[in-house]
Every structure is written in C-alpha cells, then in structure tokens.
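Colleague: build me a structure from this.
(2 chains)
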Amino acid sequence: MFRPKIIGFVCNWSLPIEVDLTGQNEIDGYPKINIVRVMCVGRIDPTIVLETFAKGADGVLVIGCEPPDCHYVEGNLQAEQKVKMLKKLLSRAGLEPERLRFELIHAPQIGRFAEIVSDFRNHAMMLGPSSLSGEKPDTNMLLNVEAARAVAEDFRLRVLLGREEELIESGNVYGDKLSQTEFDEVLDEVIGAEYLRNRIYLLLKKEPLSVKELSKRLDLDSPAVLRHLVVIRQRGWVTVDRVEGLSPLYTALEVGQ
Amino acid sequence: MTSAGCSLKDKRKLPPCHAACPADVNVQGYIALLQLGRFKESVELIRKSMPFPAICGRICFSPCQDACSRKNVDNPVGIRYLKRLAADIEREQGRIKPDPIAKTHSEKVAIVGAGPAGLSAACELAKLGYPVTIFERMPEPGGMMRYGIPNFRLQKYVVANEIAYIQDLGVEIKTGAEFGKDVGIETLRNEGYKAIFIATGAQLNRELGISGEGLENVLPAVEFLRHVALGRSVDVGKRVAVIGGGNTAIDAARTSLRLGAKMVLILYRRTQKEMPALEEEVEAAVEEGVKFRFLVTPKQIIGEDGGVKAIECLRMELGESDASGRRRPVPIQGSEHMYEVDTIIPAIGQLAETSSLPPILLDERARGISADSLTLETKLPGVFSGGDIVTGPASVIEAISAGKRAAVSIDRYLNGKDLKIGRAGEIEETTWVEDWEKLTKKPERYTAPHVDKGKRQVSFEEVDELLAKTKEAAMLEARRCLECGPCTECLGKYGLCEADKAVVDEALCTGCNVCAVVCPFGAIEKNEMGVAQVDEDLCKGCGICSASCPERAIDMQHLTRSQITTQVLSALGGGPI
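Modeller: Predicted coordinates:
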C-alpha cells in the first residue's frame, strides 16, 4: 500500500500536547506525519516548502491558528498569503497544487488535529506518489520545482508579498493604491515571468541552446523566449556561447543567486 | 532551547499584569501555557511565585486583570477565572505532590499565624531549605481564608488542598498554639528558633461605638463568619441588618441568607460607587436578594428583652473628599428612621489583636506591629512581621506578598546579609502595542460557572464532554492575551521558550524595509546606515521577518532556516513513516 510521505509544518500554538514529536507513541486514530514545529507558520519561508517537494515529499501540510487568534497577531495570515503564492508556483511547475494544504485550527485540540491530518493523508493517498518521490524522480519536474524555488527567492516577488497590505491599503510612495485584483495581476505577472526566466536559465546551465530549441523544450513561442532572454542577459545570468548557422546559442553564467 | 539561553532573563521589563501582581506571578507565562492547554504546567508556574492558585483564582481582587492591556481593545482577559479553572483541573486530576525539600539550613524558623502571609513565608523558606514551623491558634490552618471567607466563595477543601502542598514541601504546622499564651518570643527563642515571623492578622471587629452594641444578637461579622466556618449553629432570625460595604459585609449578608434569613439589609454610609467590595460579589448579593440602603449610618440599637428589636439610623450626604479620595459622608440632622431587625452584623472593619503582643513591637497608636514596609523588620532583631497585623485589614494577595518579602529578609538575616540592598528593583511596565485601534476585538470566551444555582445531575459522559468544552473555552480565552511582555521566561522548561530572536546579517541587508513592514510587533527599524536593527525587547521570535526578507538576510537565533531544512531532510530520508 502506498504510504505518502507528508511533512507538517505546525505552529507551536496549534500543536496539541498529545502529539509526540519524537514519533514514538501512536495516538488512536491519528496517522503519523512528520511534524516540524515552528513558533509561527509565518516563519515558513516559501523556499523551504519548495525544497521539501524537491526532496520528494508527497504532501506538505501547514497548520496555523484560526483568526482572530494568532500568538503573533497575524502570522497565520502571512502564512496564508505565502501558501497562496506557492500554489500558483506549483501549478506553473506542473506539480499538483493540492499536495500543499493550509489548515487553521481553533484551539490545539487533538480531535480536530487528527481530523485534519487524516483528511490530508487520505487526499495524498488518492493523489498517489509525487513525481519527485521514490528512487527515480522525474528530472524535468525537478528542474521545474528548482525554477519555482528560485522564483520564491526573487527579490521583486518577495518585496511585493511583503508590501501587499501596504500597497492595497495605504499605497506606494506616490500614494497610488492597488486593488486586490490589480495586485494579484501584478503578482501573477511576476510569478509567470520569473518562472520562465529561471526555467530558461536552468536549461542553459546544462547545455548551450538556441531560442528555437528553448522554445521547443518549454512549449513557448520564440518571441516570448527571446523577450525573457533579453532580460536575463541584461541581468548577467546568460551570455551568447557561440553561433551555430544563423542561431546564437546561449549559455548560463554563474550567478550568486 | 533552555531558559538559560534566554537573553531577556534578567530584564525587569514586565507586562502590566505581572507588574501589577503583588506576589510577582508570571501571568503572561501561565496564560501562554493555558493557550496550549497545559493546565498542570500553568499551575506549577503559578506555584513558583505563590502557593495559592485555586484560592486566588476565587477571591483575589486581581490587580492583574485590572491592569490587563486588552481593556484598551475590549475587555481584560479573564485572568482570575482562568487561574481558578487551571487550579481546579489540577486538583481534580490529582494534585502534583512535590517531594519534600531537603533541609540544607540548620537554623529553625518559627512563624506565628497560618494565614496567607504566614503560609507564604513558610512555603518560600521551605523552598530555600529551612526547617519551618507554623504556630496557629485555631484548630485548622488557613487564617481568614478558612475562617473569614464563607464556603460559597471559597470551599474549605480548596484551602486544605493548597495548604497540604505547603506541608508536602516539609513545613510543619502546629495548630491550637496561641501566641502570647502557648508560645511567645522568649519561648520560641529558647526552643532554638533563630528567626520569627509574626503574621497574626486582624482578627477583631471594629466596634460601631453606639448604644446597644452589647446586645445578644449583635454579632460582629468576623466572629459571625468564624462561628459559621467552625460549624457552630448560629441563629440570625428572619431579619438581618449588616453594617458596612466591604467584602466581609457582603459575605456576612450572603451567609445570613443561607442560614435562613428572609430579609437581609446592607446599610452603607456612602453610595454603591464607594463600596470597597468586589463588584462581582455585590452583583451576586443583589441576585440572591440582599437589599441595600445607601447613605445610611446607625445611630443606636434598640433592644427588647435583651435581644435586638430595631436599629435606628441617620441619613447621610456626601461632603468633601477625605484622605482616601472618597467623599466623606455627613449625617443629615433630623433624618432618624428605623429598621426592625432580629440580628445586627457590624462589618465596618477589623483590628489587630495587640494585647498579647510585646509592647515594644507595637506602633505608636498600638493598633498593630510596626515593621519596615520593605524588609518587615521589627524593633526586635530576628523578629519580622507582616500581613494585616502590620497594614491593617488588606487582601490575601498583599498578605502573600508580605510573606514572600519576610522569607527573603529572614534568609538574608540568617546569612548575615544586608536586608535592603538590591530589593526595591525598579519594574518597568511594557507592551509592544502602539495603536490599540488596529487590534482585533475578541469577545470573552470563558467565564466561571455559577456553581451555587440550580445544581444539576450530570452523567460521567456529560462531565467529560463539559470538561472538554470548558477546557477549549479556556484555551480560547487565554488566546485573548496580547502578550505585552517581551518574553515569557518560564517556558524554557517546557521547550517552548520564546527567547528565539531574529538576527540580521548586516552585510546582506539592502535596507528594503520589508521586515519592518511585516513585523507584527514593530521590533525592526532601520538605523542611520539603512540597515535593519532588531529590538530584542520587542522581538518575540515568530520568524515572519525571516520568511519574508527579500535578501534572505534575516535568520533566527535558535530555529534557523538550515535547522528546519535538516529536520525536513531527516524526516524524508527516513523513508515513509
């Protein structure tokens, strides 16, 4: 029987006392998952979640406190925002976004906790093994998730996330406010563009490729590939390796990402 | 993560609740444990500061709650009810039985009076390793907690249970030993006691000073309550007048109702606003049918056949403010009126019994013992005194505070140390909140049940269910806490120390200010170089800044990013579980 590998990132204040972190004692009706206790789920850097998937987790469960309660005022909301972003990244990467779940708990009571864990575990069983788990992880998917991870590290994206509330409620330095829809559009645009740029970069890291070849491998039209190439060339991520026939071949440079 | 690693351990910045507690209870700490449903641990934490969680959970006037910051948002956290529930759960599920503490000192200490002051002093001294004996005149220890506060507010078994804890620590209690008769300073010294703490309280009733006071059915409140507590039968008749506006007056009135009185009247010379009694107690009295007459003072008691027939009163009006800030009541001439009653219970204050005390100890007016307010030293070396006998009638929590101070003094005295140095430490109240308006309102989620009314029969299953619900409500109520204080020092022992702090790698910081924007506590600001700086007093170690920093320039001191990754890897590397 398939037993999904699940990592639970659980806030200290949501974790029932009955849950044994050493994993030695089993509680009735409570399937075991591997729990990483953090003081607040707001502490979960999106890159950590993507790394967890890259290392072969079949599911990631994030459990925080239900509003209006949060030991750190709004760490739960911070986490929710990051999970939302991560789901977008996962779908870009082609990994099922429902492998990541965010749950809120009213008070750290074992009953509700067990329910959440069981439900997610059943869901993970239904989804089957992740293409990154097991002996032979899908290399293409690995590149995708690696690209997603690089996006989660992106300065622009992180500034945008950090300032979401500010941009919507009080506006930028010029006093321009964004609506939630406008903000989401900007965020989607950043995620989409940065994902492709990182994906191109990772492909070029393996071997020099032409725009045509990149376009084929990424299933993306050539002008779009070229547009992103121009940007990352300006950033100093890539350079022309050589010209074959009429097509220049690009290659990745070492960048301190 | 141990408390030893807590960088804030020695700071005296305290949340308002802790700063307000005379017994120095780490309120924020035990409330945090309650948020996690750790009821036993929270009781143990309270016991580190004072031995009466269940008693104070019932009858403390809870200055912590009055100080609670949440009052600026909606209503204070129900600290007292939470303490009571935690203590009750701990007791019902089997009180933690401490191991007797090894007697590491040979100097014997005698304590006179087993009230809250004496018991607290004994508890603290026992924890320090002193052999302690308490001498108590009554048949059972507890003082006013046992003989002054009626059962419906504080059951005797609750008092007994908390005293048993102190006895478990190794404190010896000798009852039936009256100071000035069975024991005295000289006899104690001859028996080898190196230090003495006198905490005999204020056991006498202040007299009304009007005619008819000596009549048979005039029962001073303290005596009346003591008789009831001793289980003696007291006949109050059908109509009772209680004189006074403090908790003792309310207790006497409610006790009279329970003894069968049909009409109980409280006569108070000021208005309801000036009543010193706890608001909840006044409300309970009103609910039970106690009647109040305000701005009334007794003029004389009219007797008939040796008993009481009526009480003649004068109406009052409020004049100038007095020293206590309350407006002084002045009688209105010719306003005499009568109340026909069977029993009169004066409850206008208590006095210390000073006749049995050595005169050298007494203050100028011989109203009590004169002792230093900080060190509790008296004029006799090695003799300390505190509680009501020094301050006049006050509260349990203040008596506990005195007992604790006495223990510190006695320990210093016996070790030949200075009694004063470094004791009156400045405490700074602190809270991270700058704008109360921004905080979410949270209605109260738990209040203590009214046990007295409509006792119902419930099955064991229902009790379990009820308890689970009650526990959850309490956990949620505890979550209303704003965590004003910088660090709940205590939690290190339970692996929950919040002393984790954000650390900025200044070489990586680009000054984008995102950390300052996301920090819920306003703990991060840029310095003049444009580099993020963490204020350790305000940082609570949540790690939100670390997860959000665009340059990943912030990590946590204890639970670092690489530690989380290592945990994840080892979990995944170990194969499916």
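
Colleague: give me phi/psi at the residue in chain A positioned nearest to chain B?
Modeller: Residue nearest to chain B within chain A: A:Arg43 (3.0 Å; CB to the nearest CB). All C-beta spots, glycine's among them, are computed from the backbone N, C-alpha and C. Note on A:Arg43: its backbone torsions stand at phi -80, psi -10 [degrees, to the nearest 10].

Colleague: tell me the contacts of the residue nearest to it when sequence neighbours are not counted?
Modeller: Leaving aside its sequence neighbours, A:Arg43 sits nearest to B:Gly543 (CB to CB, 6 or more residues apart in numbering or on different chains; 3.0 Å). Residues near B:Gly543 by CB atoms under 8 Å, 6 or more residues apart in numbering or on different chains: A:Val38, A:Met39, A:Cys40, A:Gly42, A:Arg43, B:Asp500, B:Ala502, B:Met556, B:Leu559.

Colleague: and of the residues you listed, the nearest to B:Ser42?
Modeller: A:Met39 (18.7 Å; CB to CB).

Colleague: neighbours of that closest one, just the number please.
Modeller: 24 (other CB atoms under 10 Å in any protein chain shown).

Colleague: next, the residue lying closest to it once chain neighbours are set aside: phi, psi?
Modeller: Nearest non-adjacent residue to A:Met39, counting by CB to CB, 6+ apart: A:Asn12, 5.1 Å away. Dihedral angles phi and psi of A:Asn12 (degrees, to the nearest 10) take the values phi -50, psi -40.

Colleague: roughly how far apart are A:Asn12 and A:Cys40?
Modeller: Remark: distance between A:Asn12 and A:Cys40 (CB to CB, to the nearest Å) = 7 Å.

Colleague: phi, psi of the closest residue to chain A within the stretch 251-400 of chain B?
Modeller: When scored by CB to the nearest CB, the stretch 251-400 of chain B has B:Glu280 as its residue closest to chain A, at 26.0 Å. Main-chain dihedrals, B:Glu280, degrees, to the nearest 10: phi -60, psi -40.

Colleague: ok, it to B:Gly78 distance?
Modeller: 11 Å.

Colleague: comparing these two, which residue is more hemmed in?
Modeller: Of the pair B:Glu280 and B:Gly78, B:Gly78 is the one with more neighbours under other CB under 10 Å, namely 24 against 12.

Colleague: residue contacts, the more buried one?
Modeller: Here B:Gly78 is in contact with B:Gln65, B:Glu444, B:Tyr446, B:Thr447, B:Ala448, B:Glu477 (CB under 8 Å, 6+ apart).

Colleague: centroid-nearest residue for chain A?
Modeller: Residue closest to the average C-alpha location in chain A (CA atoms, centre = their mean): A:Leu86, at 3.6 Å.

Colleague: confirm for me that B:Ile173 is in contact with B:Ala160.
Modeller: No - counting by CB atoms under 8 Å, B:Ala160 is not a contact partner of B:Ile173; they are 11.4 Å apart.

Colleague: more neighbours: which of those two?
Modeller: Each of B:Ile173 and B:Ala160 has its neighbours counted (other CB under 10 Å); B:Ile173 has more, 21 against 14.

Colleague: and the residue of the stretch 451-577 of chain B nearest chain A?
Modeller: For the stretch 451-577 of chain B, CB to the nearest CB, closest residue to chain A: B:Gly543, 3.0 Å.

Colleague: can you list the domain ranges for the chain.
Modeller: This is for chain A. If you go by automatic domain parsing, the domain ranges for chain A are A:6-127, A:154-252.

Colleague: wait, I meant chain B there
Modeller: Domains of chain B are assigned by automatic domain parsing as B:7-202+B:352-493, B:205-351, B:502-573.

Colleague: quick one: which of those is nearest A:Ala152?
Modeller: For these, the distance to A:Ala152 is smallest for domain B:502-573, at 10.2 Å, taking CB to CB.

Colleague: quick one: terminal-to-terminal distance for the closest one?
Modeller: 29 Å (CA to CA, to the nearest Å).

Colleague: got it, and stretch B:425-432?
Modeller: End-to-end distance of stretch B:425-432: 22 Å, with CA to CA as the criterion.

Colleague: does any part of that stretch sit near chain A?
Modeller: No - Stretch B:425-432 is not in contact with chain A by CB under 8 Å from any CB of the partner chain; minimum separation 9.2 Å.

Colleague: now do that stretch: everything it contacts.
Modeller: B:12-16, B:19, B:67, B:69, B:482-486, B:521-523, B:537-538, B:540.

Colleague: restricted to strands, list these.
Modeller: The strands, defined by DSSP state E, take in B:Lys13, B:Leu14 from the contacts of stretch B:425-432.

Colleague: you'd agree B:Ile111 is up against B:Ala199?
Modeller: Yes - under the criterion of CB under 8 Å, B:Ile111 makes contact with B:Ala199 at 6.7 Å.

Colleague: which neighbours do these two share?
Modeller: B:Gly118, B:Ala121.

Colleague: let me know how buried B:Val77 is, in neighbour terms.
Modeller: 28.

Colleague: excluding its backbone neighbours, what's nearest it?
Modeller: B:Arg480 (4.9 Å).

Colleague: does the one you found count as helix, strand or coil?
Modeller: coil (DSSP: H, G, I helix; E, B strand; the rest coil).

Colleague: quick check: pLDDT value at it.
Modeller: The model reports B:Arg480 with a pLDDT of 95.

Colleague: the residue of the stretch 251-400 of chain B closest to chain A and B:Asn247, how far apart?
Modeller: 10 Å.

Colleague: shaky segments in chain B?
Modeller: B:1-12, B:448-459, B:487-498, B:574-577 (pLDDT under 70).
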